[in-house]
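>>> dropping the sequence and predicted coords here.
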Amino acid sequence: MRSFEIAPSILSADFTRLAEAIAAIEEGGATVLHVDVMDGHFVPNITIGLPVVKSLRAATGMTIDTHLMISEPGRYAVDFVKAGADMVSVHLEADVHLQRTLVAIREAGGKAGIAINPATPLVSLEEALPYADFVLLMSVNPGFGGQRFIPTSMDKLRRLKRMIGERGLATRIEIDGGIDAENIAEICDAGAEIVVAGSAVFGSGRPTEAVRELIDRATVWV
């Protein structure tokens, strides 16, 4: 059986009640907390930064998965590890020195991830893939929550799984965007091991039950 983890995204949570939200998803069985960092430049939105990650680290023992949707991520990636992030992903579209950044994240004690946008071809990953602990495949264009899953992402997910297998790598696959109870089983069957869900968890108003349902549907396939 493959490893599987659900990673609720706090972007969709009520920021005035984050502690309650974290407790609710932990009760439901979530093991990873997904944190979207946006700078208003690489993506057209601004969210949170280092102080919030530091506060989250003090509030939970969950794995903190920080997705940097920012320009020049190499300048800040290690700082997020120092703030308490366990996983840090940077966009290959934003980092001209991607290999160096991935190595720096690892040397700081974090898991290094490559995030890739829907229209970016997988061939762009080839040289950096051996330096990554995981790949974050975007199944929506990053910047906003609540978007619909891009159907062609399913084939891309399968091809990424095959690419990793052919190279004999242990790189995990994370996917983010438009995932809910209706499509999570097929997504996991295609190769996803860490599934980010925002609206599907917090949009219902019952995050504990929503996490349990996603896990139940996903684990049929893993």
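Structure's in. What do you need?
>>> the helix or strand harbouring residue 211 - contacts with which helices or strands?
Assigned by DSSP states H and E, residue 211 belongs to helix 207-218. Helices and strands touching helix 207-218, by 3 or more CB pairs under 8 Å, 6 or more residues apart in numbering; DSSP states H and E, are strand 5-8, helix 18-28, helix 184-190, strand 194-197, helix 199-202. Backbone N, C-alpha and C define where each C-beta goes, glycine included.
>>> how close does the residue in the chain sticking out farthest from the centre get to residue 132?
Residue farthest from the centre of the chain, counting by CA atoms, centre = their mean, is residue 166 at 23.2 Å. The spacing between residue 166 and residue 132, counted by CB to CB, to the nearest Å, is 15 Å.
>>> swap in residue 170?
Counting by CB to CB - residue 170 and residue 132 are separated by 10 Å.
>>> also residue 142?
Taking CB to CB, one finds residue 142 at 18 Å from residue 132.
>>> which of the two has more neighbours?
A count of neighbours by other CB atoms under 10 Å puts residue 132 above the other of residue 142 and residue 132, at 26 against 22.
>>> find the residue closest to the more buried one in space, skipping its chain neighbours.
Closest residue in space to residue 132, ignoring its immediate chain neighbours: residue 114 at 4.7 Å, by CB to CB, 6 or more residues apart in numbering.
>>> again with residue 78
Nearest to residue 78 is residue 108, by CB to CB, 6+ apart, at 4.6 Å.
>>> again with residue 31
residue 5 (5.0 Å).
>>> likewise residue 54?
Leaving aside its sequence neighbours, residue 54 is closest to residue 83 (4.4 Å, by CB to CB, 6+ apart).
>>> centre of the chain to the longest helix seen in the chain, how far?
Longest helix in the chain, counting residues (DSSP state H): helix 153-166. Put simply, helix 153-166 sits 17 Å off its chain's centre (CA atoms, centre = their mean, to the nearest Å).
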